[in-house]
Structures are given as C-alpha cells and as structure tokens.
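Trainee: predicted coordinates and the sequence they were generated for:
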Amino acid sequence: MTDQPAPQAGAPLSDDETRQWASWAHLGGILGFLPSLIIWLIYKDRSAFVAQESKTALNFQITVLIGYVAFSFIGFFIPIGFLSFLLWIAAVIFSILGFQAVQRGQAYKYPFALELIK
C-alpha cells in the first residue's frame with residue numbers, strides 16, 4: 001500500500017467570494033433551508049464568515065420550517081392559513097435583508113431564530 005495524502009479542504013475564499021457565498025446563503029432562504037445547508041457544508045471550512053452566516057441563515061430557515069409545520073397542524077383544527085402566508089412573507093423579507101447586509105460585509109442577525117445548529 002502506498003501512503004496517499006489526506007484530502008484537504010479547498011483554498012480559503014477571497015473577500016469577494018466570501019461575501020458572495022455568505023449572501024447567497026441568506027437569499028437562498030427564499031427557496032427553503034437547502035441552499036444555506038449546502039453552502040454551510042461546502043464552505044464552512046474555507047471561510048469563518050461564510051460558516052457563520054450560512055449557519056445563521058440555516059437556523060432561521062429551520063425555525064421557519066418549524067413554524068410552517070406548527071401552523072399546518074394548528075390550521076388543521078382552526079382555519080388560520082394566512083399565518084403561514086405571513087410567515088413566508090417575513091422569511092422572504094428577512095432573507096433579503098440578510099443578503100443586503102452581507103453584501104456590505106456586515107454580519108446579519110435575524111430577529112427570531114432558534115439556534116439549532118451550533
């Protein structure tokens with residue numbers, strides 16, 4: 001057997017790439033939690049800022065998903081479908097605000113989010 005070198009993480013990201021991937025993690029939240037999850041898994045070792053922002057976006061999107069499930073369950077008994085719509089609108093707005101903040105190089109904190117991924 002020959003000794004093979006251990007696989008290494010990719011090279012660190014440039015400042016532009018860091019802002020790009022961190023901002024896409026937030027904006028991808030419009031589509032759900034998968035974009036931020038994928039970005040976090042791929043880039044968490046290449047940029048501390050991308051790791052932080054994608055994890056923040058992921059936690060927010062998981063919180064929103066829990067809200068959808070809760071509203072769906074409650075809505076089964078009481079017709080409150082408009083709450084899911086309002087939650088979706090809030091998720092879109094906060095995702096866009098996160099995108100804009102990270103584009104400016106600032107960290108973004110959502111007004112409400114469970115910290116499930118640490």
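Mentor: Yep, that arrived.

Trainee: alpha carbons of the strand or helix carrying residue 19, as CSV, please.
Mentor: Assigned by DSSP states H and E, residue 19 belongs to helix 15-27. This file holds the C-alpha atoms of helix 15-27, laid out as CSV (Å, rounded to 0.1, in the frame of the first residue of the first chain):
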residue,chain,number,x,y,z
ASP,A,15,-13.2,38.6,0.1
ASP,A,16,-15.5,38.8,-2.9
GLU,A,17,-16.2,35.0,-2.8
THR,A,18,-16.8,35.2,0.9
ARG,A,19,-19.4,37.9,0.5
GLN,A,20,-20.9,36.1,-2.5
TRP,A,21,-21.4,32.7,-0.8
ALA,A,22,-22.5,34.2,2.6
SER,A,23,-25.1,36.4,0.8
TRP,A,24,-26.4,33.5,-1.3
ALA,A,25,-26.8,31.5,1.9
HIS,A,26,-29.3,34.2,3.1
LEU,A,27,-31.0,34.8,-0.2
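
Trainee: in the helix or strand following that helix, what's buried?
Mentor: Reading on from helix 15-27 to the C-terminus, the next helix or strand found by DSSP H and E is helix 34-43. For helix 34-43, a neighbour-count test (16 or more other Cβ atoms under 10 Å) marks 35-37, 39-40, 43 as buried. For glycine as for every other residue, the C-beta is placed from the backbone atoms N, C-alpha and C.

Trainee: ok, so of the residues you listed, who is nearest residue 67?
Mentor: Comparing those against residue 67 with Cβ to Cβ picks out residue 36 as the nearest, at 16.1 Å.

Trainee: let me know whether the closest one touches residue 52 as I believe.
Mentor: No. Assessed by Cβ atoms under 8 Å, residue 36 is found out of contact with residue 52, at 11.7 Å.

Trainee: how about the helices in the chain?
Mentor: 15-27, 34-43, 48-77, 81-103 (DSSP state H).

Trainee: for the one residue sitting closest to the centre of the chain, which non-adjacent residue is closest in space?
Mentor: By Cα atoms, centre = their mean, the chain has its centre lying nearest to residue 57, at 2.4 Å. Nearest non-adjacent residue to residue 57, counting by Cβ to Cβ, 6 or more residues apart in numbering: residue 36, 4.0 Å away.
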